[in-house]
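K.L.:
Quick one: sequence plus predicted model below, questions after.
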Amino acid sequence: MFNRVLIANRGEIALRILRACRRMGVSAVVAYSEADRDTLAVRLADEAICVGPAESRRSYLNAAAILSAALVTGCEAIHPGYGFLSEDDAFAEMTRAHGLTFIGPPPEVLERFASKAGTRELLAAHGLPTIPGSHGMLRDDGHALDEAERIGYPVLIKPSAGGGGRGMRMVRTARELQQALTVCRSEARAAFGDDSLYLEKWLQDNRHVEVQVIVDRYGNGVHVGDRDCSVQRRHQKIVEEGPSPALDAAARQALAESAVRAVVAAGYENLGTLEFLVDQEGNAYFIEINCRIQVEHPVTEMLSGIDLVVEQIRLAAGEPLGYTQADVQLRGHAIELRINAEDVRHDFRPGAGLVERYLTPGGPGVRMDSHLYAGYEVPPFYDSLLGKLVVWGEDRTAAIERAKVAIDELVVDGIITNIEFHRALMDSRPFLDGGFTTNLIDRVGSAAFLTPTAS
């Protein structure tokens, strides 16, 4: 096991990794930007080191600075969290070349799964159904138009690298496609340093379901159930829950078993999340794999009792999985609410500022993952995620009721948040019925969930 790990991330995930290291008796060094000097992870770390100015490109995305920080502080491994360098195969290779361990899939695995289009073809060969899409990357606008015509409109433009909805657009006509391609390339290049795009057939009123897998380097793998991430706005997840209301027991088992079987056969390693779209007939189609810890990982932890960050670290250190599928027991229902610094009434406009008062909810089955504290200045340079409120119940109804109580207890004063939106969402008929689709908020507008008619 490692003696010392560099945490190359920020916010709530940096704090989450720090706590996992503490649990394992591993010393943790937090790399931070100048804007994050006063974050909770920096305050609680065994050691902290500044890696650059606020701009991500010059700090959290600066591979040379991150590697130097790890070496000068005597770290043996780097945990990249999510986003930033977490799925960068070149950075993982650089890490290994400097005698350090990348906590995640090894470089050759990240390279194999780096292209979303390539991964779709690879896992399709191992039995996963996929949505009709373009053959390879889009070479130019003409190729895109030809492929869209073959697939049939509407189509979804997707970046080959990265995620989080950036660089994605749904288009219904050739004219819209030509207009959107330039924008999508620009967004993808700015966010991921790669402007490669491909197309997928757009599935109307679909559900977003994902399967969590854990695989060691010796070819042993398990799944840890599924999560439903259908509450989205512009492809950005807002609420996640597990198990998915979109699947019955037979479909759930079949999907999870096929997912872990495919990734083991394809040579995957460490933690991973396979994402699927489920259509109105209940057919599931593989769309991508995330080769890192997910923002919504606490849902699975609440259901299984397995610390997924600890598993990442253990497997990166070369330890065997140590348990089988029969040992993974999932119980009850869990819901995660992403608490963001966003003004829902003004098109989810992101905000920043001083947290004047911060009180977290408590009680059985309630968990709050956040780096906030009273007096903390939320910087304007990064994403708007402030924390995740996660609840567990014996069943979905109990979990929703617990979420309502927890939301009412949560206090974040001084900055605008989306707490009001979550409160209304938990009372909305589409959510209560378990019938939420990924395009519902975009179609009806957020205002529909902020008025008395929502219930």
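P.N.:
Received it, and whenever you're ready, just let me know what you need.
K.L.:
Which strands or helices does the longest strand anywhere in the chain pack on?
P.N.:
Longest strand in the chain by number of residues, with DSSP state E as the criterion: strand 221-233. Packing contacts for strand 221-233, counted by 3 or more C-beta pairs under 8 Å, 6 or more residues apart in numbering; DSSP states H and E, involve strand 207-215, strand 236-242, helix 249-265, helix 297-304, helix 440-444. C-beta coordinates here come from the backbone N, C-alpha and C atoms, glycine included.
K.L.:
Distance to Asp279 and mean neighbour count for the ones you listed - can I get that in a markdown table?
P.N.:
Listed next are the helices and strands packed on strand 221-233 as a markdown table, based on distance: least, C-beta to C-beta, whole Å; neighbours: other C-beta atoms under 10 Å:
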| stretch | distance to Asp279 | mean neighbour count |
| --- | --- | --- |
| strand 207-215 | 8 | 26 |
| strand 236-242 | 19 | 24 |
| helix 249-265 | 12 | 18 |
| helix 297-304 | 23 | 24 |
| helix 440-444 | 15 | 16 |
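K.L.:
which residues does the nearest residue to Gly221 once chain neighbours are set aside bridge with?
P.N.:
Spatial nearest neighbour of Gly221, chain neighbours left out: Val215 (3.8 Å); criterion: C-beta to C-beta, 6 or more residues apart in numbering. Bridge pairing for Val215 (DSSP bridges) gives the partners Gly221, Asn270.
K.L.:
Please report how far Val215 lies from Tyr268.
P.N.:
Val215 sits 5 Å away from Tyr268, going by C-beta to C-beta, to the nearest Å.
K.L.:
Mutual contacts of those two, please.
P.N.:
Contact with both Val215 and Tyr268 is made by residues Gly221, according to C-beta atoms under 8 Å, 6 or more residues apart in numbering.
K.L.:
Please tell me I have it right and Ala114 contacts Pro159.
P.N.:
No. Using C-beta atoms under 8 Å, Ala114 is not in contact with Pro159; the gap is 11.7 Å.
K.L.:
if you count what's nearby, which of these two comes out ahead?
P.N.:
In terms of neighbours (other C-beta atoms under 10 Å), Pro159 is the more surrounded of Ala114 and Pro159; the figures are 24 against 18.
K.L.:
So what's the model's average confidence on stretch 120-129?
P.N.:
Stretch 120-129 carries an average pLDDT of 94.
K.L.:
Can you tell me what sits against it?
P.N.:
Contacts of stretch 120-129 (C-beta under 8 Å, 6+ apart): 112-113, 130, 133, 258-259, 261-263, 265-266, 274, 283-289.
K.L.:
which residues of the stretch 101-250 of the chain fall in helices?
P.N.:
Using DSSP state H, counting those that start in this stretch, the helices found in the stretch 101-250 of the chain span residues 107-112, 116-124, 141-151, 174-192, 249-265.
K.L.:
Could you take the ones you listed and lay them out as JSON lines, with extra columns for distance to Glu319?
P.N.:
Output for these, formatted as JSON lines (distance: least, C-beta to C-beta, whole Å):
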{"stretch": "helix 107-112", "distance to Glu319": "17"}
{"stretch": "helix 116-124", "distance to Glu319": "26"}
{"stretch": "helix 141-151", "distance to Glu319": "44"}
{"stretch": "helix 174-192", "distance to Glu319": "31"}
{"stretch": "helix 249-265", "distance to Glu319": "17"}
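K.L.:
coming back round to it: tell me which of the helices and strands packed on strand 221-233 lies nearest to Arg345.
P.N.:
Of all these, it is helix 440-444 that lies closest to Arg345, at 13.6 Å by C-beta to C-beta.
K.L.:
you'd agree Glu342 is up against Ala352?
P.N.:
No. Taking contacts as C-beta under 8 Å, Glu342 lies outside contact range of Ala352: 10.8 Å.
K.L.:
Looking at the two, which is more packed in?
P.N.:
The neighbour count for Glu342 versus Ala352, taken as other C-beta under 10 Å, is higher for Glu342 (25 against 14).
K.L.:
Mind checking the helices of the stretch 101-250 of the chain for the one nearest to Ala403?
P.N.:
The closest of these to Ala403 is helix 249-265. By C-beta to C-beta, the value is 21.8 Å.
K.L.:
centre of the chain versus the closest one, how much separation?
P.N.:
Distance, stretch centre to chain centre, for helix 249-265: 20 Å (C-alpha atoms, centre = their mean, to the nearest Å).
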